[in-house]
Each structure stands twice: as structure tokens, then as C-alpha cells.
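In: Could you look at this predicted model? Sequence included:
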Amino acid sequence: MALRSKRIGASQRLSRIKVGVFLLGIIGLFGAVVARAVELQVMNHDEYQELAQSQHFREYALQGERGEIFFRDLKTGGLFPVAINRTLYDIAIDPKMLAGQSEEHNLNLKQSFQNLIEGFDSADFDRKRAKTNDQWELIARDIPEETVQELQAQGFKGVVYEDKKERYYPEKNLASQVIGYVRRDDLRSGQYGVEQSYNDILRGEDGFERKESDTRGTWLALTERERQDAQEGADLVLTLDHTIQFKLEEVLTRLDEQFNAKSVMGAIMNPDTGDIYAMGSSPSFDPNEYNKVEDIQVFRNPFVSNVYEPGSVFKPFTVGLGLEYDVITPDSTYVDTGEVTLNGFTIKNSLEKVHGEQTMTYALDFSLNTGMVHIQQLLGRQRFTTGLIEAFGMEEKTGIDLPGEGQPNFANIQKDPRDARDVNYATASFGQGVSTTPIKMLTAFSSIVNDGVMMKPRVVKEIRYPDGTVEERAPEEVRQVLSKEAAGELAAMLVSVVDNGHGKKAGIEGYSIGGKTGTAQIASIGGYGDDTFQSFIQFATLEDTRYTLLISIDSPQGARFSDQSVVPATRELNEFLVNYFEIEPDTLDQNKQDEANSD
């Protein structure tokens, strides 16, 4: 009995211990819950309240309408849309709903699709309509709004129209490298051209809407909501003229095809304002189908981005400095021996001819390298370099309002005097051993017929904001690069190049057109190869200068010099442009002038 009593007492003590442990566990768990509650409701109240709200509120981005882009018509003042927004639709059917419609209804629907949707596949429609448990089957993508309106007017049941915005370029390839494109998956992201450089202005400002929703994300009616409206983007009016751009690209494309070139490029500019009337290149691309482009280099604008050795189209700047510093006049003479040797290198004229004693005008007419070396030596290193770098700003970018402008390089004539060689200055005088961009060449050249004043080039003339405000962008003067007198003398010498020299094929009877040819060897590893970069740069006319232009062709086949390739093409442009601008003839053939005088 005593042993049994001891066993009962031990069992009772063990039970009491278990109960105590259990109660302690309950108390500990309760304490943890209380502590957590204090943390949630007191210590981290704001943090968890924000988390809870975020699970009940959803924010949706609101995107403003992208601004549109327009060309001008200089003659009428009208505008041509070249980048616009349009609404497209994806069309789907609800087979489950169609199953409840009459056979006549469904046949009529199929026939309407057949009539209105290009590429409609009737067999595919039948297969999808047969999926009577489905409520959504895609039938067609990217259908124009007018087509959808025709379908909607017929009142068909079981058709779903899903709208979406798209950037559309109605002129396709025209000036595509000036305009650029917008990504289909993000209308806020402009790529290349003004779509990129003016992206922030075109895209406007995004807005948002915050709405309370249930656990499934469904908006709850009559609940709190917050909204900030999106701001529409501004429209751009470009300096480009629709008709001039079309004509320029027509000429460039024909040149490319005729000479099987790597590329052809050109631009037409107003020297008084810096306005670009036209700019293009071949090959180009269709911004509506940018995703089909195989070589992304075609997106770049070579007239702005390409850096190249300009060759003889650079010679007017050397002559201009000679006139500015009074080391030559148009009638100054020198003796051409056909070659000049400096630092062990022999410089020759292009056809290796000896011309004897000639004037500076003759040297420019027939593009004598030795004549340019003569002027550079008269100037000396310091004045030659200072004139090019500080006056003409040859190492500066133009600052044109397009992305990707190339950086000119004139390091060859800016070396430490101990490392500099006379031959580097000599070759620079005729555009070899230095590099620049086509837009820089045209900008600097245009100053010659603007009384020596260089203007900043631009492609955007107006910014039109959604509130009706119009920002007129004023022409921007860069600097005086030549005196008015020196610029006038140089312009007259350039007219002689077209009247008497290598630029003859660009001339038009009765008009004083001035310009300069250029055929530059293309530098390669170890020297210069056989390929050439051929150019012609010009103005029209001397008495009423309305435009300057530059056309260049890279590695033309079957044309040794530029007067065989780009110069004749420029004549076609001149004939068109003097008529388009209604420029009056300002010169007379000598025989006609004699006849007029005799009367």
C-alpha cells in the first residue's frame, strides 16, 4: 500500500508539472501575440497601413498623345504631316456568342470580313468559330479605324474590337533619317532623328490614376480615386520643304543606282537663316517598317554623322583665308611646276599636269593642289591654323538639332611645333589629312554668301504646344568668319569655277552659280586606296542667293572625278530650284549681252 501511494503521488506531481509547462506555453504565446499586435498597431503602424493600402489601390499610367511632325510648303505656307498618330484595331470573335446567332448572321459576318480585311483567311475563321467553348479568338491585327467603323455599322454580334495607338509615317522613306521613328512597344521612346532629339517635347508628360480595387484587381465603384491627367506633346514644324525634299531624294536615288555607290547624301540650306530645306541619303528606310531593317547603320543620318576627308571642296576656305589676310588677290599669280616636295613627300596636281604661271582664280577653277599649298605657305602655320580653327570653327560641331553629329578632327595642324611637319599643313590646304562632316562643310561654305556670317543649321522651325502657344525658333548667328569684302571676292571666284572650271556641268545659262568640286581619296590602313569620295558644293545665285547645297557620293563605280558623277546631278537640282524659288536670271551670255547693248 505504501509503494502504491508513492506511485500515485509521483504521478500527480508529474501531471502538475505538465500542466504548468502547458500554461507557461500559453502565456508565452499570448505574450508573443500581444507583442506582435503592439508592433503592428503602434510601432510600425504607418508602414503596415501603407502596405495594406497598396494592396487595395492600384495605379495605372496615363499616356498623353504624342505630338505630330510636319514639313512645310514654302510656296503656299501649307503643312504636310510626316509623323502622325493613328488608331488601329485588333479584331477577335467570341465563338461562344456566335454559336447562339443564326447561320445567316455568321455567314454575313464572314463575308464582311472577306470584303473589308486584306488577307482575311476564311478557313482560319471557320476553325476558330468552331471553338464554341472559347470567348476570344483573334482574327486580324492592325486594322484601320475606317474599316472597323464599317464593320461596327453592320451591328454584328460576337465581335471584339481592341484599339491601340500607333505612330504612322505617311511619306514612308522621305527624310526618314531626319525624322527617325518611334518604337511600337513604347510611343514615348523616339529613336534617331527629331523623334529622338525632341523626344521630351513630343512625348508630353505622363499622368496616372489610382483606384481602389478588390483582391482580384477589379475597380470598385463609388470609392476613393486619385487622378493626374497626362499632358499632350507638342507638334513640330520642320524647316524642310516637302517638294524640295522629294526632288533631292529623287536625284540621290538615281545617283546611287547609276554609279552603284556605297552611299549618296545631300542637303540644301538657306545660308541666311541656317534652315535646312532638304536633307537625305540613299539607302534610307521606311520608319513604318523599322523592324525589317537588317543593317542598323541605315538609321544614322550620314550627312550629320559621317566624318570624312573632304578633299578639294575644302579649297574655298584656304582661298578665303588668303583673301582675308591679304596675302593674295583673285588675280595674284604663282608659278605651277606641277608638284611640291615637303618632308620627303611629293604633292602633285590631280592630273599631274604643269600649268606654269597662273592666277589664284585659275588655281581654284581647275583645283590645283599646288596653288593651295602656295596660299598656305604665304599665310604661314599660325594664321592658317587660327583661321580654320578659330574663325571657321572647323573643329567645332555645328550644333544642329539632330542626334549623332560627328566630331571633326584637325589634330594634324594643331601638334606641338616640335612634332608638326610642313607637309601636314600643305595637305590640309586642299582637304587631305583633316576630317569633317558634310553638315559642317555646308554650314561653313554657306557663310561665304552670307557676307561672311556663319549661321547655326537647324531642322525645326516651330514648336506648337497643345494650349495653342507657338514657339518660333529664331535664326542663330554663330560668328563672322570672313569679312564681307573677302567673302564677296571668294564668291565671285567660285562663280568662275562653274563658268570656266571643273564645275561647268552644274551651270545654267543666265544664272551666276558658284561652287567647288572635290574628289577625295579614301584613307585606309597604310595610306589611301583607289576608292574616292566625290562631292560638289555650291550656291545659287550670286546676286540673289536663295540656297546652298552639297551632294556627296561614296565610292562611285565608273566615275573617276566628281564632274562625272555629282556635278551633272546638281545641274538637275539647280534647274528645278531656280524655277521653284522663282529666281530671276542675273547674267547674260556675252553674245546676247552684246546684242542687247547694240540695241
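Out: Looks like it arrived, so ask away.

In: which regions of the stretch 51-200 of the chain lie under the pLDDT threshold?
Out: Within the stretch 51-200 of the chain, the segments meeting pLDDT under 70 span 51-63.

In: go on, the chain?
Out: 1-63, 208-227, 229, 588-599.

In: Please enumerate the helices of the stretch 201-350 of the chain.
Out: 242-259, 302-305, 315-324 (DSSP state H, counting those that start in this stretch).

In: of those, which approaches Lys505 most closely?
Out: Nearest to Lys505, of all the helices of the stretch 201-350 of the chain, is helix 242-259, at 13.6 Å by Cβ to Cβ. C-betas here are computed from N, CA, C, even on glycine.

In: May I have the closest one as PDB, with CA atoms only?
Out: Provided in PDB are the C-alpha atoms of helix 242-259 (Å, rounded to 0.1, in the frame of the first residue of the first chain):
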ATOM      1  CA  HIS A 242       8.100  68.800 -98.900                       C
ATOM      2  CA  THR A 243       8.700  69.400-102.600                       C
ATOM      3  CA  ILE A 244      12.400  70.200-102.400                       C
ATOM      4  CA  GLN A 245      12.900  67.100-100.200                       C
ATOM      5  CA  PHE A 246      11.200  64.900-102.700                       C
ATOM      6  CA  LYS A 247      13.300  66.200-105.600                       C
ATOM      7  CA  LEU A 248      16.500  65.900-103.700                       C
ATOM      8  CA  GLU A 249      15.800  62.300-102.800                       C
ATOM      9  CA  GLU A 250      14.800  61.500-106.400                       C
ATOM     10  CA  VAL A 251      18.200  62.800-107.600                       C
ATOM     11  CA  LEU A 252      20.100  60.900-104.800                       C
ATOM     12  CA  THR A 253      18.400  57.600-105.500                       C
ATOM     13  CA  ARG A 254      19.200  57.900-109.200                       C
ATOM     14  CA  LEU A 255      22.800  58.700-108.500                       C
ATOM     15  CA  ASP A 256      23.100  55.700-106.200                       C
ATOM     16  CA  GLU A 257      21.600  53.400-108.800                       C
ATOM     17  CA  GLN A 258      23.600  54.800-111.700                       C
ATOM     18  CA  PHE A 259      27.000  54.500-110.000                       C
END
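
In: Could you report the distance from the residue most central in space within the chain to Glu150?
Out: Central residue check for the chain by Cα atoms, centre = their mean: the C-alpha nearest the mean position is that of Gly193, 2.0 Å away. Gly193 sits at a distance of 35 Å from Glu150 (criterion: Cβ to Cβ, to the nearest Å).

In: Where do the helices of the stretch 401-550 of the chain begin and end?
Out: Using DSSP H, counting those that start in this stretch, helices in the stretch 401-550 of the chain cover 422-428, 438-446, 484-500.

In: Find the one among the ones you listed with the highest mean neighbour count.
Out: helix 438-446 (a mean of 27; mean count of other Cβ atoms under 10 Å).

In: Packing partners of it?
Out: Judged by 3 or more Cβ pairs under 8 Å, 6 or more residues apart in numbering; DSSP states H and E, helix 438-446 is in contact with strand 263-269, helix 302-305, strand 453-455, strand 527-540, strand 547-554.

In: contacts for the first one?
Out: So that's strand 263-269. Contact partners of strand 263-269, identified using Cβ atoms under 8 Å, 6 or more residues apart in numbering, comprise 244, 248, 251-253, 255-256, 275-283, 302-303, 306, 438-439, 442-443, 446, 457, 547-554, 573, 577.

In: let's see it at 6 Å
Out: For strand 263-269, the external contacting residues (Cβ atoms under 6 Å, 6 or more residues apart in numbering) are 248, 252, 255-256, 276-279, 281-282, 302-303, 442, 446, 547-549, 551-554.

In: Please apply the same query to the shortest one.
Out: Applying Cβ under 6 Å, 6+ apart, the external contacts of strand 453-455 come out as 274, 447, 475, 478-481.

In: picking up where we left off before, quick one: which of the helices of the stretch 401-550 of the chain is nearest Thr318?
Out: Here helix 422-428 is closest among the helices of the stretch 401-550 of the chain (Cβ to Cβ), at 8.3 Å.

In: And the closest one, how far out from the chain middle?
Out: 35 Å (Cα atoms, centre = their mean, to the nearest Å).

In: Can I get that helix as PDB, trimmed to CA atoms?
Out: Extracted C-alpha coordinates of helix 422-428, given in PDB (Å, rounded to 0.1, in the frame of the first residue of the first chain):
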ATOM      1  CA  ASP A 422      55.100  71.400 -93.200                       C
ATOM      2  CA  VAL A 423      53.500  68.600 -95.300                       C
ATOM      3  CA  ASN A 424      50.600  68.300 -92.800                       C
ATOM      4  CA  TYR A 425      49.700  72.000 -93.300                       C
ATOM      5  CA  ALA A 426      50.200  71.700 -97.000                       C
ATOM      6  CA  THR A 427      47.800  68.700 -97.400                       C
ATOM      7  CA  ALA A 428      45.300  70.300 -95.100                       C
END
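
In: Check which helices and strands that helix sits against.
Out: Packed against helix 422-428 by the contact rule (3 or more Cβ pairs under 6 Å, 6 or more residues apart in numbering; DSSP states H and E) you find strand 339-342, helix 369-386.

In: Would you mind listing the residues in contact with Ile139?
Out: So Ile139 contacts 91-93 (Cβ under 6 Å, 6+ apart).

In: for it, phi and psi?
Out: phi -110, psi -40 (degrees, to the nearest 10).

In: beta partners of Thr237?
Out: To be clear, residue 237 is Val; Thr isn't right here. Val237 forms beta bridges with Phe70, Glu462, as assigned by DSSP bridges.

In: Any idea how many residues pack against it?
Out: When neighbours are defined as other Cβ atoms under 10 Å, Val237 has 19 of them.

In: With Asn199 instead?
Out: 18.

In: do the same with Phe71
Out: Residues lying near Phe71 (other Cβ under 10 Å) number 27.

In: same question, Glu249
Out: Applying other Cβ under 10 Å, we find 22 residues neighbouring Glu249.

In: what's the answer for the one 10 residues further on, then?
Out: By other Cβ under 10 Å, the residues close to Phe259 number 21.

In: Could you verify my assumption that it touches Pro556?
Out: Yes - proximity of Phe259 to Pro556 meets the contact threshold set by Cβ atoms under 6 Å, at 3.6 Å.

In: ok, back up a step: which ones are touching the residue nearest to the centre of the chain?
Out: 178-180.

In: And for Ile413?
Out: 385, 424-425, 428.

In: if we can go back for a sec, any chance of CSV for the helices and strands packed on helix 438-446, columns distance to Ala492 and mean neighbour count?
Out: Below are these laid out as CSV (distance: least, Cβ to Cβ, whole Å; neighbours: other Cβ atoms under 10 Å):
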stretch, distance to Ala492, mean neighbour count
strand 263-269, 21, 26
helix 302-305, 28, 23
strand 453-455, 18, 22
strand 527-540, 12, 22
strand 547-554, 16, 27
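
In: thinking again about what came up before, which residues do Phe259 and Pro556 both contact?
Out: By Cβ under 6 Å, 6+ apart, Phe259 and Pro556 have these common neighbours: Ser565.

In: Indicate which one of the helices of the stretch 401-550 of the chain is closest to Ala130.
Out: helix 438-446 (60.7 Å).

In: Any buried residues in stretch 469-484, and which?
Out: Of all the residues in stretch 469-484, those buried under the rule 16 or more other Cβ atoms under 10 Å are 478, 481-482.

In: just how off-centre is stretch 484-499 within its chain?
Out: Put simply, stretch 484-499 sits 33 Å off its chain's centre (Cα atoms, centre = their mean).

In: Please renumber the chain so that the first residue is 821 from this point on.
Out: Understood, numbering begins at 821; the last thing we discussed is stretch 1304-1319.

In: and Leu971, that's in a strand?
Out: No - under DSSP: H, G, I helix; E, B strand; the rest coil, Leu971 falls outside any strand and is assigned helix.
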